[in-house]
Every structure is written in C-alpha cells, then in structure tokens.
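Peer 1: Please find the sequence and the predicted model below.
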Amino acid sequence: MSEAVLHDDHHDHKPYGIGRWLFSTNHKDIGTMYLVFALIMFFVGGAMSMVIRAELFQPGIQYVDPQFYNSMVTVHALVMIFGALMPAGVGLANWMIPMMIGAPDMALPRMNNMSFWILPFAFTLLLSTFFMQGGAPAGGWTMYPPLVLQLGDGFPYLVFAVHFLGISSIMGAINIIATVFNMRAPGMSFMRLPLFVWAWIITAFLLIAAMPVLAGGVTMLLTDKYFGTAFFDAAGGGDPVMFQHIFWFFGHPEVYILVLPSFGVISQIIPTFSRKPLFGYTSMVYATASIAFLSFFVWAHHMFTVGMPLTGELFFMYATMSIAVPTGVKIFNWMATMWKGSMTFETPMLFAIGVLFMFSIGGFSGLMMGITPVDFQYHDTYFIVAHFHYVIVPGIIFGIIGGIYFWLPKWTGNMYDEKLGKLHFWLSTVSVNVLFFPMHFIGLAGMPRRIPDYNVQFADWNTIISLGGFVFGLSQLILVWVVIKCVRGGEKATDQVWEGAHGLEWTLPSPPPFHTFTTPPEVTDATAHS
Amino acid sequence: MKNNATKTAKKLGLVAVAMFGFGYLMVPIYNILCEVTGINGKTGRITQSQVNANDVDVDRFVTVEFDTNVNPNLPWTFKAAEFKQQVRPGEIAEAVFVVENKSNKIIVGQAVPSVAPEQASLFFNKTECFCFINQELAPGEKKDMIVRYVVDSDLPEKITTMTLSYTFFKASEKAVAVTGQDRKIVIKDNG
C-alpha cells in the first residue's frame, strides 16, 4: 500500500486550479463532474417536485397558478431525465469502465470533455425560459404539438436544449463503445466484461439509435413553428399524432437507456455482498440485449388511446408483454445470486435489494398498462404517474445511489458513514412508498395527471403523498452529507474495499491514482468477474 | 489503438446521422401506412372514368352523414346544406356546403376531410371537392361549395352509415404550398 502511494505521487501530475476541470481529459475528473452535475440537477428537479407536492397538498389552488404548475411538471421531468439520471449514469460509466476493463482512460478524452461541458449550456438554455415572455415549457415533457407550439419565446430554447442534450449523450455513448471495443486489457474478452460494462455498451447503442430520432422530431416542431413546414399541422396536410409516433420511437428506448445502467450497477453489488459470482452471467448479457432490441417495437403502448387499428393495438400489446420475459430472467438471476449466499447488508446492498423489490412493483403495474383494454382506464391518470415513478425512483435512482455508496470508498479512499447510509436508505424507502404507492389508488379512482387541482375525494391520499414527498426530498440531503463527509476523511478503505469484491477496479489503490493502468493488466479466468 | 477508436467513433457517428434521417423517413412511412390502412380516415380521389368502371349496387343504400368544423383561428361559418344523404354504392352523389366569411378581411381557407369509421374511408372516393384547393372569401362573402363523391360498391355489407367530416383551417403560406401540388393533380385529372 505505502509503496503504491509513493509510486502514485511520483506519477500524479494533476493539473491545478479551474483549468483542471475546464480542460479535463481525465476520465475520473470528468466522471466526478458528471456526478456532481447530476446531483445538482437532482436537487433542482427535486425542488420543482416539492412545488408540485405543496400545491397538491390540499384541493384548490394554493401557491402557484396553473400555468406555472404545468411548467413545474414539464421541467421537473426534463431536468430529472436529461439532467440527473442520464448524466449520473454517464458519470458512473466514466469513472468505472476504464478501471473495469483495464484501460488507461476513455478512448476519446477530448470528446469526453466536450460531451460533459455541453450539459451546463443546455440546461442554462432550458432553465432560462422561466424568465422569458410566455414562461417555461408547460405542455408536458413529451412536447406534443399543437400544445407545445403555443409556448412563447422559450420554445426555440427548449428545442435547442434538447438538441444539445442529444449531442452530448450521443458523444458520450460513442466514447463508451469506442473505449470498450478498442481498449480492453489483454485477456479481457467480451464475455469476461463486468455486467456494468455490458449494460453500458447496450445502453450506448440505444442512445445512438434513439436520440437522433428525438432530435429529428423536435427539429420538425421548430420548422413547423418558424419555417412554414406542416409536419404536425393538420391545416397543411400534417398530423399531430405522427409526432407521438416519432417521440415514442425515441421515448421507449429512452426508458431502457435510463434503467439499464442501474441494472448494471446492481449486477455488480449483489454478487459482492452475496459473496457468490453472478448467477447466469451469459443469460444476463442476452437478456439485457433482448430488452434493448425489443424496446424499439413497443412504442405505441404509450398511445393506445389515440385511435389505432385493432391489429396495431394487439401487436403492441403482445410485443410489450414479451419484454417481461427477459426482464424476468434478470430478476430471477439476481435472486438466484443471493440464494444461499453469505449475505451482508451494507448500504449498497440495501439499495440494490430495494431496486429489485420496488422496480418489480413498477414492472407489474407496467404489465397492467400493457394490456390495451385496461389501459384505456389508466391512461393519463395517477396510475401511470405511480408506475413510472416506481421504476424511476426506487428502480433507477436507488440503483445509482447504491452505486455511489458502493464505489465511494474506492473513489475517495475513505469509508463512508455506514450509520448515516443506512438511515438514508430506510428513510428513503419508507417515504418513497408513502409517496408513490397511494398514487395507484387515486389513479384507479380516476384522478388525472398534470392538473393542479382535484376532486375533494382525493384530498386525504394527496396529503399523505405530499408528506411522503417532503420526507423523501429532505432525506436526500443525507446523501449529500455522507458524500461530503466521506470526501473529507474517515476510516481508510482497503484496495478491495468490500470483502466479496472481485474485478480489476478493486486491484487498484483506494483512491486510485490520477492515471491508472498505463500498462495494461493481464486478465485471466481467475481475475475476471465471471 | 487510438486510430481504431477514431474509426469506431466515425462509424457510430454515421449511425447517429442515419438515425436522424430515419426520424424524417418516418413521415412518408406514416403517410403511406395511413393511406393503405385507412387510419385517420384519409379519403381517396378518383377520376370520372374510374367511377364509370365501378358497378352501381342497386340492392342497398348507404347513409352518408356530414360533419363540419371550423378551426377557432378562422372567422368563418361552415355548414352542410343537408345533414345526411342516402346513396347507392357506385353512384356519384353531390353534397353542398355553405361557408361564410364573418370578418372584414380577405381570408384564404383550407378544408381537411376525414371519414369515419376508418374501415369505410378506404371505400370513400371523391371526384371533385372544395377541399382539393384553397378557398378565398372576400369580407362577408357567402359561398356554396360542392363535393362529388362515390362510395365504392365493394363496401362491406356491415357498414351502413359513414360520416364525412371537414375541418376548415386558415391557410397560411404553408397550406398554399401543399395544396399547390393538389391543384396540379386536379388539372391533370380534368384534362
């Protein structure tokens, strides 16, 4: 250990000052910037959801006017999806992928820098719309025309923000694939890659295929509004429903773009704390790939109610159901990994089990909505809000938070405060269920989404939901405290950090030196993950 | 190694550009799908000679109902002269619609048709329609507009009623551009 430290100091030429971050081409620094940016955006988007829950605490209009409420709903979604979840996933990828495959850095470090630094500009564009004539986007994050075209001066800012976000994530995705395809250490064959890396390769392909379609769709919106085209304008022979097809052709793969990295993280955590290799590695790889492939053929289940031919509704219903099969394989494999393992329940493991359990709840309500005839009841109610928040918050965010707790000792060299971590987990888990579970009930009873007021029959549940929301929001501050505390100091972490951890990243010192694997390690069956 | 990575990145960049193009390709694909399957109630257009080739089905009548809508941006009134008509499949029928410009400006409007139920739209064809071209109305002008249509005699027996719906929109420049193509087709048809 001490030898390693001396060795590092010798080679660690870290650039100084702000330039270190602005011009960084180091995958660790860029990963850190992505994660910090995602955390800030998580709180920006979270603050907006607090406004929403405060308004819905009681029936009637209390604090904000309906237009602003709709802006909150719309921008909350955009900020959380493009600002918090995706950058957090890319941040983890940046930090971990080169260390997991034994590469010195990402394949295209300058592009890596660019794809990060586009993000602050994109969100400046998006958030500046709050101060413009006509306000921030309020037509829903799905940007359906003709409603979205009624947005005032902020409209082109929305479109260009989406373009920038698209370019940033496509560049990130290209970089990840280029890294994994070309820079693996000798002996690190594809079927020896850690599952987190596999999850990210597949996510990256989804990004490259789906994001440009969204970019095309919003470009059509832009030319419809300002340049006289009529893609979605019935008066000119266009059709607004076509936008929904284009949007969801992107939108459904996007769901998996968000969730697959989280699946990858828990596929690392569960074997570590079960002290067993991952059960069914090969089937995990194929299941992840089939989920990604199928995701391009199910988009119209988001729009069962627009008036499709019966054969179309049936096709998309069966295609949707079929995704449950590979997802079931994954859930089964995670449980089989834990089966008869010597399990311990440190914070990362708690979050991983939380994902397993609560993502499945969201998965089941997803299956319900995949059934076309019943979807007509659920469409645009709080039932769908409950569904996608179950898959996103305890499904994706818990996975990312689990990953942060899992790798934080590796990144900082210090153990985090386990007591605070556990407190964070239990407060989050209880409050997230108080927050989202009752939404199923009020959704089934008919409360519509995206409306600032509601029938008094929903008043009690909404009060409970808001309380759950406030507790959940506040308990995320514990995470910030834990991270700050851990960066500042604490019990020193060993290189392996966790007793059951295997893989190249755990052979490096904690914290890893600025440049790692400048000479590639040799990977054998004994040192590989699977 | 560095070189290979650049190569991979270039290939993937091309895929991204191709997918951007695919987004635009979805527009014609969507329109073709709608025409083939009759989604959106898109109606067909045929010539007089095609009508003559179609046998008249003397055994049954079909009810065609008319529905009229005006986009809120267009200060016109728009009504069907008759609420519905009984027609024989294969026979040319004519319906009259009345529009009036309630404003004090010259306005160009464009009507967009659709037929319900969707299955019926595949068998609903027009030989002449005010919706083929832009309509210009002077301030306060009132005008009768006609549509000549044929219900195909292959219409399934179970469909006994169909609705022809029009929505009038204010034609901006974009609508002129699109209907400009339509007008060319009309001239060809007549010639």
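Peer 2: All right, it came through fine. Residues are numbered from 1 along each chain as shown, chains lettered A, B, ... in the order given.

Peer 1: what does stretch A:285-301 rub up against?
Peer 2: A:191, A:195, A:198-199, A:202-203, A:205-206, A:209, A:245, A:248-249, A:251-253, A:255-256, A:260, A:263, A:308, A:312-313, A:316-317, A:319-320, A:322-323, A:325-327, A:329-330, A:333, A:369-370, A:372, A:375 (CB atoms under 8 Å, 6 or more residues apart in numbering or on different chains). C-beta: built from backbone N, CA, C; applies to glycine.

Peer 1: just the buried members of the residues you listed?
Peer 2: A:195, A:198-199, A:202-203, A:205-206, A:209, A:245, A:248-249, A:251-253, A:255-256, A:260, A:263, A:308, A:312-313, A:316-317, A:319-320, A:323, A:326-327, A:329-330, A:333, A:369-370, A:372, A:375 (16 or more other CB atoms under 10 Å in any protein chain shown).

Peer 1: restrict these to contacts with chain B.
Peer 2: A:Ala209, A:His245, A:Phe249, A:Met308 (CB under 8 Å from any CB of the partner chain).

Peer 1: Please identify the helix or strand for the second one.
Peer 2: Taking DSSP states H and E as the definition, one finds A:His245 inside helix A:240-274.

Peer 1: Report all helices and strands that that helix contacts.
Peer 2: Counting contacts by 3 or more CB pairs under 8 Å, 6 or more residues apart in numbering or on different chains; DSSP states H and E, helix A:240-274 is packed against helix A:86-101, helix A:195-226, helix A:281-294, helix A:310-338, helix A:347-370, helix A:398-412, helix B:2-37.

Peer 1: Switch those over to CSV; also include mean pLDDT and distance to A:Met171.
Peer 2: As requested, those are arranged in CSV below (pLDDT from 0 to 100; distance: least, CB to CB, whole Å):
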stretch, mean pLDDT, distance to A:Met171
helix A:86-101, 96, 10
helix A:195-226, 95, 10
helix A:281-294, 95, 20
helix A:310-338, 94, 28
helix A:347-370, 95, 28
helix A:398-412, 96, 21
helix B:2-37, 87, 9
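
Peer 1: Would you point to the one among the ones you listed that's packed deepest?
Peer 2: Using mean count of other CB atoms under 10 Å in any protein chain shown, the stretch among the helices and strands packed on helix A:240-274 with the largest mean neighbour count is helix A:86-101, at a mean of 27.

Peer 1: quick check, that one touching chain B?
Peer 2: No: judged by CB under 8 Å from any CB, helix A:86-101 stays clear of chain B, getting no closer than 12.3 Å.

Peer 1: That helix vs helix A:195-226, what angle?
Peer 2: 150 degrees (axes from the mean of the first three to the mean of the last three CA atoms, to 10 degrees).

Peer 1: which residues touch the helix or strand just after helix A:86-101?
Peer 2: As assigned by DSSP H and E, the chain's next helix or strand after helix A:86-101 is helix A:109-128. Residues outside helix A:109-128 that contact it (CB under 8 Å, 6+ apart): A:22-27, A:30, A:33-34, A:37, A:41, A:44, A:75, A:78-79, A:82-83, A:87, A:90, A:94, A:106, A:136-137, A:157-158, A:160-161, A:164-165, A:167-169, A:171-172, A:174-175, B:9.

Peer 1: Give the other helices and strands that the helix or strand following helix A:109-128 contacts.
Peer 2: Following helix A:109-128 in sequence order, the next helix or strand is helix A:154-182 (DSSP H and E). Contact analysis of helix A:154-182 by 3+ CB pairs under 8 Å, 6+ apart lists helix A:86-101, helix A:109-128, helix A:195-226, helix B:2-37 as its packing neighbours.

Peer 1: The first one to helix A:109-128, inter-axis angle?
Peer 2: So that's helix A:86-101. 160 degrees.

Peer 1: now the angle between helix A:240-274 and helix A:86-101, please.
Peer 2: Going by the same axes, to 10 degrees, helix A:86-101 makes 40 degrees with helix A:240-274.

Peer 1: Can you show me the helices along chain B?
Peer 2: Taking DSSP state H as the criterion, chain B carries its helices at B:2-37, B:48-53, B:118-121, B:173-190.

Peer 1: domain ranges for chain B?
Peer 2: In terms of domains, chain B is parsed into B:1-37, B:43-190 (source: automatic domain parsing).
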